[in-house]
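A.B. asks: Need a 3D model of the following:
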Amino acid sequence: MRIFIFIMLLSLISCREKAPDSGEAKSPPGDGLISHRVKYARGFEIDRISGGITVIRVLQPWPEAEEPFVYALIPRNSAGAINLEKEKYDAVIEVPVERVVVTSTTHIPALEALGVADRLVGFPGTDYISSDYTRGRVDSGAVANLGKNEMMNTEMTLSLRPDLVVGFGIASRNKAYETLIRSGIPVVYNGDWTEQTPLGKAEWIKFFAPFFQKEDQAEALFDSIAQAYSGARELAKKAGSVPAVMSGALYKDVWYAPGGDSWAAAFIRDANGSYLWDDTRDTGSLSLGLESVLSRADEADIWISPSQFTSYQELENANRHYTEFRPYRNRKIYTYALSKGKTGGLTFFELGPNRPDLILKDLIHIFHPEVLPDHEPYFFKPLQ
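C.D. replies: Numbers count the residues shown, from 1 in each chain. Purely as a prediction, here's the structure:
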């Protein structure tokens, strides 16, 4: 139940206007010298200003946020010589950060890719961590379990003496974060989950990089992912057919499926599939009735992401109407729910936002096996 709610939370994003997933970089905010251009993400901006100070603006910490959060990052070795108007910023952080707490599993792959995962000292809900490296640090006691994100154990967090807490918000500020701020611990909001495009989410590695003075490394890593994604998308266009694709499943009496302008739907389009609800303009989830889904998708070619189901028998036991869909009869259903960490965390929701190229290649292999015949599926696997 908790896993399902978490999944729906990630997908149920308010229906704001979708920004195009283009290569056009936004104009630099303010008058500072831009340090690293943000090309796809729409939720943050980075400036480099005088004195080696980096300013990060988080424009979209949660959907429909009224004001941005602004953070100043000061080089630790020159912090004493910098005269900064701290009241202008929501937090001032000395960098590089040596001890960090993050609060979403999507943050962990960025730390690992930048080579700074050894600086993670705490996380709320460590059972959801799937990465072998960080899982090992949890098991050894190097990463403390801080309870649940919405009720994070502030006393334990303070005892860890972190230089920084990277949080996320759903609609308003978190009381636990406010307690940490009053105690002198900087808290910054990360809004990667609000992005609506695959490369937009992945580009948030550039948000993490300045805290560890790893900007050049993040730039190179992201460029590699973007090139792999674009290359795979071009390959998919060469396929001779375009399969009709359905997605989602019932939860109680409601069928939740990705909206046509959502992150999940973008992958289907880029893999050269025809998503059956591509005509909708929702950026989060659609709430559909079973009859409407049957009328539109009973003869679909492929079914992906059937919620938490991992076998055809589970589907049939849950609702016999699932057997009426052609992908069920033809055994053409593929799920991310079989790709789990040792403690049950879903790698799709942990690593997937950071590696959209792997998701796209999985879907191309499913939709057009002749295009990527040697690809080994990473997230999406056939239903058992």
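
A.B. asks: Dump the helix or strand where residue 112 lies to PDB, keeping only the CA atoms.
C.D. replies: According to DSSP states H and E, residue 112 maps onto helix 108-113. The C-alpha trace of helix 108-113 is given here as PDB (Å, rounded to 0.1, in the frame of the first residue of the first chain):
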ATOM      1  CA  ILE A 108      21.100   8.900  -4.200                       C
ATOM      2  CA  PRO A 109      22.000   8.000  -7.800                       C
ATOM      3  CA  ALA A 110      23.200  11.600  -8.300                       C
ATOM      4  CA  LEU A 111      25.500  11.300  -5.300                       C
ATOM      5  CA  GLU A 112      26.900   8.000  -6.500                       C
ATOM      6  CA  ALA A 113      27.400   9.300 -10.100                       C
END
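
A.B. asks: Flag every buried residue along it.
C.D. replies: 108, 109, 110, 111, 112, 113 (16 or more other C-beta atoms under 10 Å). Where C-beta positions appear, they are placed from N, C-alpha and C, glycine not excepted.

A.B. asks: CSV please, covering those residues and showing distance to residue 187 and pLDDT.
C.D. replies: Below are the buried residues of helix 108-113 laid out as CSV (distance: C-beta to C-beta, whole Å; pLDDT from 0 to 100):
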residue, distance to residue 187, pLDDT
108, 18, 97
109, 21, 97
110, 17, 97
111, 17, 98
112, 22, 98
113, 23, 98
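
A.B. asks: now these in a markdown table, with distance to residue 245?
C.D. replies: A markdown table is the format used below for the buried residues of helix 108-113 (distance: C-beta to C-beta, whole Å):
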| residue | distance to residue 245 |
| --- | --- |
| 108 | 30 |
| 109 | 26 |
| 110 | 29 |
| 111 | 33 |
| 112 | 31 |
| 113 | 30 |
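
A.B. asks: Where does the nearest residue to residue 353 once chain neighbours are set aside sit, in terms of helix or strand?
C.D. replies: Among residues not flanking residue 353 along the chain, residue 201 sits closest, at 4.2 Å (C-beta to C-beta, 6 or more residues apart in numbering). According to DSSP H and E, residue 201 maps onto helix 198-202.

A.B. asks: Can you give the distance of that helix from its chain's centre?
C.D. replies: 8 Å (C-alpha atoms, centre = their mean, to the nearest Å).

A.B. asks: Pull out the buried positions in it.
C.D. replies: 198, 199, 200, 201, 202.

A.B. asks: now for that helix, which elements pack on it?
C.D. replies: helix 215-236, helix 263-270, helix 356-367 (3 or more C-beta pairs under 8 Å, 6 or more residues apart in numbering; DSSP states H and E).

A.B. asks: List of residues touching the helix or strand following that helix?
C.D. replies: Next in sequence after helix 198-202, counting helices and strands by DSSP H and E, comes helix 205-208. Helix 205-208 is contacted by residues 36, 38, 41, 44, 46, 56, 58, 107, 110-111, 113-114, 166, 190, 192, 214-215, 218-219, 221-222, 354 when judged by C-beta atoms under 8 Å, 6 or more residues apart in numbering.

A.B. asks: picking that back up, double-check the residue nearest to residue 353 against residue 266; I have them as touching.
C.D. replies: No: between residue 201 and residue 266 there is no contact under C-beta atoms under 8 Å: 10.1 Å.

A.B. asks: so where do the helices sit in the protein?
C.D. replies: 2-11, 108-113, 132-139, 154-159, 175-182, 198-202, 205-208, 215-236, 263-270, 290-297, 312-318, 326-329, 347-350, 356-367 (DSSP state H).

A.B. asks: Tell me the gap between stretch 340-360 and the middle of its chain.
C.D. replies: The answer for stretch 340-360 is 9 Å, by C-alpha atoms, centre = their mean.

A.B. asks: Please read the previous query as pertaining to stretch 192-212.
C.D. replies: The answer for stretch 192-212 is 8 Å, by C-alpha atoms, centre = their mean.
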